[in-house]
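Trainee: Return a 3D structure for these sequence lines:
(one chain, ligands or ions: 1)
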Amino acid sequence: MLLSPVALTARLPPLPLTRFAPAPTGQLHMGHVVNAIHVWGLARASGGRVLLRVEDHDRQRCRPEYEARLLEDLDWLGFTPDVFPTKAFRAGRCEGRQSDRDHVYRAAAADLAARGLMYGCTCTRREIEAAAGDEASAGELRYSGTCRDRGWPLDEAHAWRVCLPDDAITFDDARHGPSTQMPSSQCGDLLARDRLGNWTYQFAVAVDDHAQGIDLVIRGDDLFASTGRQILLGRLLGRTTPATYWHHPLVMKSPTQKLSKSDGDTSVRDLRGAGWTPARVIGHAAHAAGLGGDASEIAAVDVASLFSARR
Ligand code: GLU
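Mentor: Numbering: from 1, shown residues only. Alright, predicted model coming up:
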């Protein structure tokens, strides 16, 4: 989508802090590059900064070697984070990794629990599906609140859920425009921590976006439906002004299949191996995302031009 610089400035917070938040569950691929172009491009075009967050909350799927490659590929592409630079990750000198932030999530959970907004849960996915009946096959699985009043403790033997009020959340997505979502009827009480002790994506991201002062979230359309619940969770955690959200289209493998990290043919590493330059990878991704017109090569330091000067 092409916005004029004036429209762009009006839609983004002044001097925003945004984030690039990959999960180290595979290789950096074209979908990440498209996201990085939006993140760095919009941040730089509006005088903002980028924080790097490694979303390794899922300890069963994330691997240190994926993280190492991801950081290396990001450096190679030339996308430089302002907060938590890649070298700080390597030196173990930052809390940019979700696995380093257990104390932050525990404190947030304790705060919610002290206000009666969190409870222990024993339900398995199969039980939740059975309780949802026909609803289960129609889109997202909603938790019906079976354990809400059972009084299970918040301990290592139970999953932890957040009670979501029946609030409709209205937000003005910078690209989609005004939208309303009803988290209590989309997903029901939100899983914050599973029975294996993993903090969930929804919980960790809402805590982090709030605690790290992120006021601009730029990500793919696949996460659009999560926005209302993250805003609501942020509100329960004490956030007074939600972030601005900008959801961009995904680059698809086919009209119905999005690219995944397992698409080895689109990994940055493979393209590097085949002799592509960083500017060619970025130019290719920008083109696939409908940005950048005919330019076949774009350096990372120039991606702001895709969102400002040329419009
Ligand atoms: N970690 C998520 C991913 O790699 C991104 C989450 C977000 O931007 O909110 O898809």
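Trainee: can you give me the helices for the stretch 1-150 of the chain?
Mentor: Listed in chain order, the helices of the stretch 1-150 of the chain (DSSP state H, counting those that start in this stretch) span residues 5-11, 30-45, 64-77, 86-90, 102-114, 125-132.
Trainee: how about those in JSON lines, adding mean pLDDT and distance to L271?
Mentor: C-beta coordinates here come from the backbone N, C-alpha and C atoms, glycine included. What follows is the helices of the stretch 1-150 of the chain, written out as JSON lines (pLDDT from 0 to 100; distance: least, C-beta to C-beta, whole Å):
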{"stretch": "helix 5-11", "mean pLDDT": "62", "distance to L271": "30"}
{"stretch": "helix 30-45", "mean pLDDT": "96", "distance to L271": "9"}
{"stretch": "helix 64-77", "mean pLDDT": "96", "distance to L271": "10"}
{"stretch": "helix 86-90", "mean pLDDT": "94", "distance to L271": "19"}
{"stretch": "helix 102-114", "mean pLDDT": "97", "distance to L271": "35"}
{"stretch": "helix 125-132", "mean pLDDT": "89", "distance to L271": "37"}
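Trainee: which one of the ones you listed is the most hemmed in?
Mentor: With neighbours defined as mean count of other C-beta atoms under 10 Å, the helices of the stretch 1-150 of the chain peak in mean count at helix 30-45, which reaches a mean of 25.
Trainee: what's it packed up against?
Mentor: For helix 30-45, the contact count by 3 or more C-beta pairs under 8 Å, 6 or more residues apart in numbering; DSSP states H and E identifies helix 5-11, strand 17-20, strand 49-52, helix 64-77, strand 216-220, strand 244-248, helix 268-273, helix 278-288 as packing neighbours.
Trainee: Now the element after the fifth one, going C-ward?
Mentor: Translated: strand 216-220. Along the chain past strand 216-220, the next helix or strand (assigned with DSSP states H and E) turns out to be helix 227-236.
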